[in-house]
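sharing a model prediction with you, sequence too.
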Amino acid sequence: MPSAAFYTLGCKVNQYESAALAGAFAAAGFDIAPHTGPADTYIVNSCTVTATGDKKSLQALRRFRRQNPQAIIALCGCLPQAFPEKATATCDADIVLGTKNRASVLEAVQAMLAGKRDRLVDIPPHAEGEKFERLAAPHPTERTRAFLKIQDGCERDCAYCIIPKARGPLRSRSLPDLTAELEGLIAAGYKEVVLSGVNLGCYGHDLAISLSDAIDAACRLPGLTRLRLGSLEPDLLDEATITRWAAHNNKLCDQFHLPLQSGCDHTLARMRRRYTTSDYRRVVGLLRDAFPGCAITTDIMTGFPGESDQEHGATLAFIKEMRFARSHIFCYSPRPGTLAAELPEQIPSQLASQRAGEITALTTASREEFLCSRIGKTYPVLFETIGEGLAHGHTPCYTPVRVSAHGDISNQILSVRVTALEGDGCAGILL
């Protein structure tokens, strides 16, 4: 039996797509192997949001070639789609595919194993009118939490972002198809499902429906215990939408990821973001009113072209005000072909890194404040791993919790009273 290993970089959408590809390979008779060991085929599902993603993807190709010089190595995903010349130039990939035709990687590998095909480079461009790509059922990697991709593509014009080129136009999964896969995940034993998309808040815009309709349909399924949402653009949320979501607070997890990018209106305008800090503040307030104690998590970019000391200071002040539960901080990375790459006043990397350190200090403090606010309270915890008498899981607001446990309680949701801060999470006791 041939073996295939998958190495995935980037977002939850990429994770879902890799799991779906692995499902197709498994159904075709491949043994799904860890990428850290030997395999007959390695598939690198790439990310190109930053230059670091490109670097890691290309490094992985070289590493897998060293692990098994005879292996078939495929590069697919966002890097080839956005930068086909860079992807094609690497001599370590036998198969190079984009995001539009990634599913054909199985056929290409099978043909290569049979000696019927030489090196393949096939990166067709995205086009208007594309339909949502229906992939195979995901290969199970764990039995507690599953990602479900329901939307693809982005038509926004953020100055720094290459994703519209990498992912193409908006397209959404139909509600019947979404519900059918959810039912399959529930039947497979998953307790939590994460709805994900390249621009999740735009779900359904091409089908005359909305993300709220998807949430309603999911939460009506009696076997679904928890539903979590992926990243949401803040300008796509309003009071009516949030009120509608709150009706499902028994199933909808109270963690909301709203990318901020900058806490300065001048910087946001240059970024071509579609909100101001006032808009962002209002949406966070609505969520906290509708879901008391919820976790607001975010992404913050530093070092965007033209970012002055005053603008950086405004970002620091806004971050302190927002009290984020968790933050992902990264330095701006010029992507060829974007507006921002051509802007004057590019920030030196050393200064951007220094500012990132200052932001990290603030967000670390707010993270600790959020975790401390959990102490003394009781939450339902979905336990995921267990070992050496300790079980680890997450609350609905995605607070990591550790408890002492005898026996295997993985994939169970049990009541826990949080007793202390512990590292980047909390300790608690089972009730």
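Here it is on my side, so go on.

going by C-alpha atoms from here, please, whenever you check contacts or count neighbours.
OK.

OK, contacts around Ile150?
172-173, 178, 195-197, 200, 203 (CA atoms under 8 Å, 6 or more residues apart in numbering).

of the residues you listed, closest to Asp254?
Leu195 (13.7 Å; CA to CA).

was I right to think the closest one contacts Ser172?
No. Using CA atoms under 8 Å, Leu195 is not in contact with Ser172, being 12.0 Å away.

which residues in the stretch 251-400 of the chain form strands?
With strands called from DSSP state E, counting those that start in this stretch, the stretch 251-400 of the chain shows them at 255-257, 295-302, 326-331, 378-387, 390-394, 400-404.

my error: substitute the stretch 1-150 of the chain in the last question.
Under DSSP E, counting those that start in this stretch, the stretch 1-150 of the chain gives strands at 3-8, 31-33, 41-46, 72-77, 95-97, 120-122, 145-152.

quick one: average pLDDT of the next helix or strand after the longest one?
Taking DSSP states H and E as the definition, the helix or strand that follows strand 145-152 towards the C-terminus is helix 163-167. Over the span of helix 163-167, the pLDDT mean works out to 95.

also stretch 31-41?
Stretch 31-41 comes out at a mean pLDDT of 93.

again with stretch 212-224
Mean predicted confidence for stretch 212-224 is 96.

grab the longest helix from the chain for me.
The longest helix of the chain (DSSP state H) is helix 349-372.

what angle do that one and strand 295-302 make?
Helix 349-372 and strand 295-302 are oriented at 170 degrees to each other (axes from the mean of the first three to the mean of the last three CA atoms, to 10 degrees).

just checking, what packs against helix 349-372?
Contact partners of helix 349-372 among helices and strands, from 3 or more CA pairs under 8 Å, 6 or more residues apart in numbering; DSSP states H and E: strand 295-302, helix 309-322, strand 326-331, strand 413-422.

report the buried residues of it.
By neighbour count on 16 or more other CA atoms under 10 Å, the buried set for helix 349-372 is 352-353, 355-356, 359-360, 362-368, 370-372.

and if you look at stretch 278-295?
Result for stretch 278-295 [16+ other CA under 10 Å]: buried residues 280, 282-284, 286-287, 290-291, 294-295.

low-confidence ranges, the chain, go.
140-142 (pLDDT under 70).

could you list the domains of it?
Following automatic domain parsing, the chain resolves into domains at 3-122, 142-253, 257-373, 378-430.

any chance of those in TSV, plus distance to Gly129?
Formatted as TSV, the domains of the chain follow (distance: least, CA to CA, whole Å):
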stretch	distance to Gly129
domain 3-122	13
domain 142-253	8
domain 257-373	23
domain 378-430	37
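
which residues are in contact with the host helix or strand of Ala214?
Using DSSP H and E, Ala214 sits within helix 211-219. By CA under 8 Å, 6+ apart, the surrounding residues in contact with helix 211-219 are 175, 178-179, 182, 200-204, 224, 227, 241, 244-245, 248, 251-252.

what's downstream of that helix, the next helix or strand?
Criterion used, DSSP H and E; the element after helix 211-219 is strand 226-229.

now find how far off-centre the next helix-or-strand element following that next one is within its chain.
Using DSSP H and E, the next helix or strand after strand 226-229 towards the C-terminus is helix 239-246. Centre-to-centre, helix 239-246 and its host chain are 23 Å apart (CA atoms, centre = their mean, to the nearest Å).

in helix 239-246, what's buried?
242, 245-246.

many thanks, we can stop here.
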